[in-house]
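Participant: Prediction below, plus the sequence it came from.
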Amino acid sequence: MEQSQFVHIRRELHKIPELGFKEFKTQEYLLNYLQQLPGNRYEIRKWRTGLLVKIFGTNPSKTIGYRTDIDGLPIEEQTNLPFKSAHEGRMHACGHDFHMSIAIGVLTYFVNHPIKDDLLFIFQPAEEGPGGAEPLLQSKEFKEWKPDLIFALHIAPEYPVGTIAVKEGLLFANTSELFIDLKGKGGHAAYPHQTNDMVVAASYLVTQLQSIVSRNVDPLDSAVITVGKITGGTVQNIIAENSRLEGTIRTLSVEAMKKVKKRIEALVKGVENGFECEAKIDYGSMYHQVYNHERPTKHFIEFLKQKNDVNLFICKEAMTGEDFGYMLKEIPGFMFWLGVDSPYGLHHAKLNPKEGAIDFSINTIVEYIQSL
Ligand SMILES: CC(=O)N[C@@H](CCC[C@H](N)C(=O)O)C(=O)O
């Protein structure tokens, strides 16, 4: 298959993943592309490491917003792709390279074929953390161009290319990062009685945290507590003075998030008392749930039903998080999943989405915007 211009852009972006609010090369790449587009019906604004691009309509009565995230993850890529990440320990393992190239494709189309309404393309930094959507919403740049409707997509490795999965209401969970630092008294490995070992304390705490989901959260509600990283100690024969747990909390309801945090605090207090150590909890960044508004989602679903080349799937909610939730808290709209058919999932070092999804989604989104 001939490689489209937007597949090429995806590959170029794939090579240069950067972490949240450090997307300097990504911003430069996007700007270089945008500045060579023809005509004068659009305006570009920089916001921190992101960009806002407004395409002026011919007789606007509303502004339609389309948002893509632009940051990568701290993962060492393990694919053998010829365009694999050139940045050590960084990877577009959550598909933001796809999201960007699709946004660029739709934007390019409407620069060349203006429509009645104004369009706002949002290239948002720091979705993986610490969160770009919330501060962007507060910015002067965004407030002046605030859209009346907003939508976004996320790649879905589990669905084949051609599938769009969506639902009204809750799509993604409430999230909160979780960092717990434990500080005790280190010492010689042979004299445990003179120390209090923060590796042991951390191990107890990880195990105890598992009881929150099974014993404290209503089984008909849902929650996840994942500790993705533990660090502690210095060498094999020194008892650790410090340890740190890094994780994330996911809940379907706002109430469950409050309850989970209350229980985490109680268990951490228990470890502090039991191990005679000091503990500090930091919740990092928190994302509001992604809740798809009824009217625009229904309209999108009806639009998709007319399309023979789209396999529409009404999905369930997922425990993933997305700071796009903050945008949907203020602006009517929705998010949907785009099938990309990869044997390895999101946040995996071997994620390899099928590029056929890029042109498919550009065409679908262009037609959807034309239908509004
Ligand atoms: C779609 C997706 O994978 N989003 C991320 C968002 C991360 C939020 C934050 N850094 C956290 O870990 O809580 C996800 O991990 O769901």
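Facilitator: Everything's here; your move.
Participant: Would you state the strands of the stretch 201-350 of the chain in chain order?
Facilitator: Secondary structure of the stretch 201-350 of the chain, counting by DSSP state E, counting those that start in this stretch: strands at 223-232, 238-239, 242-251, 278-282, 286-287, 290-292, 311-314, 333-339.
Participant: And these: which comes nearest the ligand?
Facilitator: Relative to the ligand, the nearest member of the strands of the stretch 201-350 of the chain by Cβ to the nearest ligand atom is strand 242-251, separated by 3.6 Å. (Glycine included, C-beta is placed from N, CA and C.)
Participant: Just the mean pLDDT for that closest one, thanks.
Facilitator: Per-residue pLDDT values across strand 242-251 average out to 98.
Participant: Could you tell me which residues of the stretch 51-200 of the chain lie near the ligand?
Facilitator: Applying Cβ under 6 Å from any ligand atom, we find that the stretch 51-200 of the chain lies next to the ligand at 94, 128-129, 154, 175, 177.
Participant: coming back round to it: can you redo the strands of the stretch 201-350 of the chain as JSON lines with mean neighbour count and distance to the ligand?
Facilitator: Below are the strands of the stretch 201-350 of the chain laid out as JSON lines (neighbours: other Cβ atoms under 10 Å; distance: least, Cβ to the nearest ligand atom, whole Å):
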{"stretch": "strand 223-232", "mean neighbour count": "16", "distance to the ligand": "8"}
{"stretch": "strand 238-239", "mean neighbour count": "18", "distance to the ligand": "31"}
{"stretch": "strand 242-251", "mean neighbour count": "21", "distance to the ligand": "4"}
{"stretch": "strand 278-282", "mean neighbour count": "14", "distance to the ligand": "12"}
{"stretch": "strand 286-287", "mean neighbour count": "22", "distance to the ligand": "6"}
{"stretch": "strand 290-292", "mean neighbour count": "23", "distance to the ligand": "9"}
{"stretch": "strand 311-314", "mean neighbour count": "14", "distance to the ligand": "18"}
{"stretch": "strand 333-339", "mean neighbour count": "25", "distance to the ligand": "10"}
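Participant: Distance to F303 added to these, as a markdown table?
Facilitator: Output for these, formatted as a markdown table (distance: least, Cβ to Cβ, whole Å):
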| stretch | distance to F303 |
| --- | --- |
| strand 223-232 | 33 |
| strand 238-239 | 62 |
| strand 242-251 | 30 |
| strand 278-282 | 43 |
| strand 286-287 | 28 |
| strand 290-292 | 14 |
| strand 311-314 | 10 |
| strand 333-339 | 11 |
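Participant: of those strands, which approaches L81 most closely?
Facilitator: strand 333-339 (19.6 Å; Cβ to Cβ).
Participant: Other residues contacting that closest one?
Facilitator: 65, 98, 102, 149-156, 158-166, 171-172, 290, 292-293, 296-297, 300, 311, 315, 322, 324, 327-328, 357, 361 (Cβ atoms under 8 Å, 6 or more residues apart in numbering).
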